[in-house]
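Visitor: please find the sequence and the predicted model below.
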Amino acid sequence: MTTYVLPDLAYDCGALEPHITGEVLELHHGKHHKAYVDKANETLEKLEEARGQEDFSRLAGLEKALAFNLSGHVLHSIFWRNLSPEGGDAPSGELARLIARDFGSFQSFKSQLTEVAATVMGSGWAALVWEPIAQRLLTCQIYDHQSNLSQGGITLLVIDAWEHAYYLQYKNQKAEFFKAVWNLWNWDDVAARLEAARQVDLRVPAAAAAGAAR
Ligand SMILES: [Fe+2]
C-alpha cells in the first residue's frame, strides 16, 4: 500500500527568518505536519482492518479522521513550497494577469487573502484556488483543514492560520504574521500550480457562462 510521507523542506529551517523563525518552522514541519502524515496513514490502516473484519461500525469517524489528516498533509505540503527565502514582491506573467482580472488588482487580492486569513474563526487556512468550471481564481476560507471548501477548486497558494503557525513568534499579533508571509511567496511555484490546474477539466459543460442571466 502506498503510504504518505513527510516531504523535506526545500530550504533550511532558519532560511525564512526573520519572517518565520527556525524554531517555529522546525516544530511546524517536523511535529505538526508529521502528525498529520502519521494519522492519515494510521487511519488508512484502520480502514483496512475494518474491511478485513467486515466491521464498518466506526466508518463515519474514520472518514472524518482521514479527511482532516490527509487535508492537513496536502495543505502543509503546498504551503512549504509556496514559501521561499528568495520570495516576495509580486507575481508576473499570466498569474499576474489573472489576479488583476479576477480581483481587480494585486493590492486588492493581497488585502482580500490577508483578510480571509485574519477572519478564520478557530483554526483554518486562507487559500487562493483555481475554479475550473468558470475558469477563474477565487479565495477560500478553510476551517480546520477540510471544511468550507468549494468542490473542484484547486489550491494554488495557502496561508496557515492555525495558532501553531505563528503563536511562538507573533503571540496574539497574528496580523503581523499574515503580513510577513508576503515577503516569502514563491510566485514561480504559484504560477506553475496555476498552469497545471488550468489543464483540469471537471467535465460539466454549460455550468458557467460569461454574462449569463441568473
Ligand atoms: Fe500548520
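Guide: Sure, I can see it.
Visitor: next, count neighbours for whichever residue of the chain sits closest to the ion.
Guide: Closest residue of the chain to the ion, Cβ to the ion: D160 (4.2 Å). Bear in mind the C-beta positions are built from the backbone N, C-alpha and C, glycine included. For D160, the count of nearby residues is 27 (other Cβ atoms under 10 Å).
Visitor: can you pull the pLDDT of it?
Guide: For D160, the pLDDT comes out at 98.
Visitor: which SS state does A212 fall under?
Guide: Here A212 is recorded as coil under DSSP: H, G, I helix; E, B strand; the rest coil.
Visitor: still on that earlier bit, state the distance from the residue of the chain closest to the ion to L168.
Guide: Distance of D160 to L168, computed by Cβ to Cβ, to the nearest Å: 13 Å.
Visitor: immediately after the top helix by length along the chain, which helix or strand?
Guide: Identified as the longest helix of the chain according to DSSP state H is helix 59-82. As assigned by DSSP states H and E, the chain's next helix or strand after helix 59-82 is helix 93-103.
Visitor: what separates that following helix from the chain centre, distance-wise?
Guide: 19 Å (Cα atoms, centre = their mean, to the nearest Å).
Visitor: repeat for stretch 38-55
Guide: Taking Cα atoms, centre = their mean, the mean C-alpha location of stretch 38-55 is offset from the chain mean by 26 Å.
Visitor: could you list the buried residues of that stretch?
Guide: By neighbour count with 16 or more other Cβ atoms under 10 Å, stretch 38-55 contains the buried residues 39-41, 43-44, 46-47.
Visitor: equivalent analysis for stretch 113-123, please.
Guide: 113-114, 116-117, 120.
Visitor: repeat for stretch 27-40
Guide: Buried residues in stretch 27-40, counted by 16+ other Cβ under 10 Å: 27-29, 33, 36-37, 39-40.
Visitor: distance to G61 and secondary structure added to the residues you listed, as CSV?
Guide: Listed next are those as CSV, based on distance: Cβ to Cβ, whole Å; DSSP: H, G, I helix; E, B strand; the rest coil:
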residue, distance to G61, secondary structure
L27, 28, helix
H28, 26, helix
H29, 27, helix
H33, 22, helix
Y36, 17, helix
V37, 19, helix
K39, 12, helix
A40, 14, helix
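Visitor: if we can go back for a sec, in terms of secondary structure, what does the longest helix of the chain contact?
Guide: Packed against helix 59-82 by the contact rule (3 or more Cβ pairs under 8 Å, 6 or more residues apart in numbering; DSSP states H and E) you find helix 34-53, strand 154-160, helix 187-197.
Visitor: returning to that earlier point: any idea how far the residue of the chain closest to the ion is from N41?
Guide: With distances taken as Cβ to Cβ, D160 is found 21 Å from N41.
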